[in-house]
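A.B. asks: predicted structure and sequence below. I'll ask about it afterward.
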Amino acid sequence: MKRTKIIDLLASQPGEALVCAKGWVRTHRGSKSVHFIALNDGSTIKNIQVVADAEKFDEEMLKQITTGACISVEGNLVESVGSGQAVEIQATKIEVLGLCGADYPMQKKGQSFEYMRQHAHMRLRTNTFGAVMRIRHNMAMAIHTYFHEHGFYYFHTPLITASDCEGAGNMFQVTTKNLYDLQKDENGKIIYDDDFFGEQTSLTVSGQLEGELGATALGQIYTFGPTFRAENSNTPRHLAEFWMIEPEMAFYDKTDLMDLEEDFIKYCVRWALEKCGDDLEFLNKMIDKTLIERLQGVLKETFVRLPYTEGIEILQEAIKNGKKFEFPCNWGDDLASEHERYLVEEHFKKPVIMTDYPKEIKAFYMKMNEDGKTMQGTDVLFPAIGEIIGGSVREEDYDKLMAEINRRQMDTSTLWWYLDTRRWGSCPHAGFGLGFERLILFVTGMQNIRDVIPFPRTPKSANF
Ligand code: 4AD
Ligand code: MG
């Protein structure tokens with residue numbers, strides 16, 4: 001018999017026709033006369049209740065219906081007398097498809113996220129991870145829809161690269177060399193001539209540089225793919241492998257860029273509120289009681305646009321008035337998450353787009369302001385998250401860009417193709433990167449970035 005998804009069954013009217021549901025048992029309680037099974041198939045956070053008269057079923061089979069077991073049920077969809085659901089299945093046939101013993105790690109309710117991370121291959125079957133993964137999917141759909149509807153082309157940039165976009169040097173190397181027998185030249189440098197690509201290559205930290213090639217030909221593009229950072233940051237906001245969305249637009253100035261950042265992120269949040277209601281309600285109840293309110297709040301607010309220098313002044317003022325921070329924040333310092341969160345959560349109480357950062361803390365490609373000290377960056381800082389977007393206007397002037405590259409003593413041999421955009425038909429352009437998992441953190445109210453990606457990659461952890 002053809003299976004119907006539980007989400008569709010729950011939206012159906014009770015009727016005479018037989019239905020079939022398949023899924024995993026969440027709970028099973030039984031008395032001498034009747035058994036109640038809560039069944040979930042991942043199509044919705046909601047379970048369907050299966051009612052089985054004890055006398056109609058084999059006792060041994062009923063015993064096999066344990067938490068986590070996979071079963072197939074046929075029966076009539078009837079009006080439910082119990083509270084909590086409109087319909088339930090009055091079972092006529094039950095088949096156990098997959099047994100699940102008492103050693104099933106997701107057996108108990110209320111297990112810690114820490115514990116569940118050890119069993120990340122099975123945690124997907126829990127309510128919380130089901131909700132998070134459905135929302136994650138929805139956010140990916142929202143992102144593609146937004147850009148498609150706004151005339152951006154989905155542009156694929158390479159994952160293996162010879163250049164370091166952010167210039168921070170925290171890249172994972174890609175090689176087919178025999179690491180047990182590394183050949184070095186007379187200066188002690190590794191010889192890459194005979195490596196797969198004939199030069200040193202790594203996993204990309206950002207698709208931006210190639211994205212700029214796309215934007216300066218197609219007008220506006222976006223990337224959406226995995227990025228890799230070998231930064232040894234063991235924080236609830238950092239992953240070694242994360243997904244990033246990077247739109248890049250020709251003819252955008254700083255205001256256009258900030259407008260897009262704000263509109264785009266609001267579109268995603270609105271999508272979640274409109275399309276993920278059941279999952280959000282669950283997370284609001286179980287994880288974070290202010291979640292839905294916070295999401296609605298972001299839609300209502302106009303984001304503050306704050307130059308870095310003014311931000312530092314506000315932080316200094318706060319320190320004068322007794323506020324304690326762990327890290328210093330003098331002009332020139334990179335803001336720590338505690339500073340960003342103070343500005344967003346305590347001072348303004350709304351999202352902040354911080355602009356015009358000191359050049360020493362930003363990447364080489366940003367457009368320099370006339371002061372020669374600050375660059376046209378536009379990072380979006382969010383409540384509970386801190387930096388969710390990093391963006392900037394790009395330096396389109398060849399000479400100014402080269403001057404900055406030389407000042408930083410960067411190796412131009414792997415960047416010649418990037419510099420060519422400034423030699424031939426250069427144009428003003430801008431772009432940003434949204435950390436996909438940071439968006440999911442915000443939209444789900446989850447606390448740890450390891451819990452919003454199916455299989456997290458972090459220092460000392462590449463399981464599953
Ligand atoms: O600020 P970032 O480093 O900017 C760039 O990579 C630019 N090339 C983007 C661009 O302009 N096209 O990273 C962008 C965003 C951050 O704001 C953050 O949300 C996320 O990527 N991010 C991380 N997310 C998870 N784990 C990490 N280790 C991350 N590093 C950055
Ligand atoms: Mg950044």
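C.D. replies: Perfect, thanks for sending it. Computed from a predicted model, the values in this text were never measured in an experiment. Ligands and ions are numbered 1, 2, ... in the order given.

A.B. asks: beta partners for V96?
C.D. replies: Beta-bridge pairing for V96 (DSSP bridges): I71.

A.B. asks: mind listing what it touches?
C.D. replies: Taking CB atoms under 8 Å, 6 or more residues apart in numbering, we find V96 in contact with M61, Q64, I65, A69, C70, I71. From N, CA and C alone the C-beta is placed, and that goes for glycine too.

A.B. asks: check T175 too.
C.D. replies: Applying CB under 8 Å, 6+ apart to T175 gives the contacts Y192, D195, F196, Q200, T201.

A.B. asks: of these, which belong to strands?
C.D. replies: Mapping those onto strands (DSSP state E) picks out T201.

A.B. asks: quick check: the farthest pair among the contacts of T175?
C.D. replies: F196 and Q200 (10.8 Å; CB to CB).

A.B. asks: ok, those two, which is more surrounded?
C.D. replies: Set side by side, F196 and Q200 show more neighbours around Q200, with 15 against 12, by other CB atoms under 10 Å.

A.B. asks: returning to that earlier point: of the contacts of T175, which is the nearest to ligand 1?
C.D. replies: If you rank the contacts of T175 by distance to ligand 1 using CB to the nearest ligand atom, T201 comes first, at 18.4 Å.

A.B. asks: what about the closest residue to that closest one other than its chain neighbours, how many neighbours?
C.D. replies: Counting by CB to CB, 6 or more residues apart in numbering, T201 lies nearest to V174, which is 4.7 Å off, once chain neighbours are set aside. V174: 18 surrounding residues under other CB under 10 Å.

A.B. asks: what do you get for M122?
C.D. replies: When neighbours are defined as other CB under 10 Å, M122 has 16 of them.

A.B. asks: nearest to ligand 1, of the contacts of V96?
C.D. replies: Of all the contacts of V96, C70 has the smallest distance to ligand 1: 34.2 Å, by CB to the nearest ligand atom.

A.B. asks: for the closest one, which non-adjacent residue is closest in space?
C.D. replies: Nearest non-adjacent residue to C70, counting by CB to CB, 6+ apart: G98, 3.6 Å away.

A.B. asks: follow-up on the earlier one: any chance of the contacts of T175 in a markdown table, with pLDDT too?
C.D. replies: Output for the contacts of T175, formatted as a markdown table (pLDDT from 0 to 100):
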| residue | pLDDT |
| --- | --- |
| Y192 | 95 |
| D195 | 96 |
| F196 | 97 |
| Q200 | 95 |
| T201 | 96 |
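
A.B. asks: any chance of TSV for the contacts of T175, columns distance to G84?
C.D. replies: Formatted as TSV, those follow (distance: CB to CB, whole Å):
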residue	distance to G84
Y192	63
D195	61
F196	58
Q200	60
T201	56
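
A.B. asks: name the nearest of the contacts of T175 relative to T126.
C.D. replies: Distances from T126 to these, taken as CB to CB, are shortest for T201 (38.9 Å).
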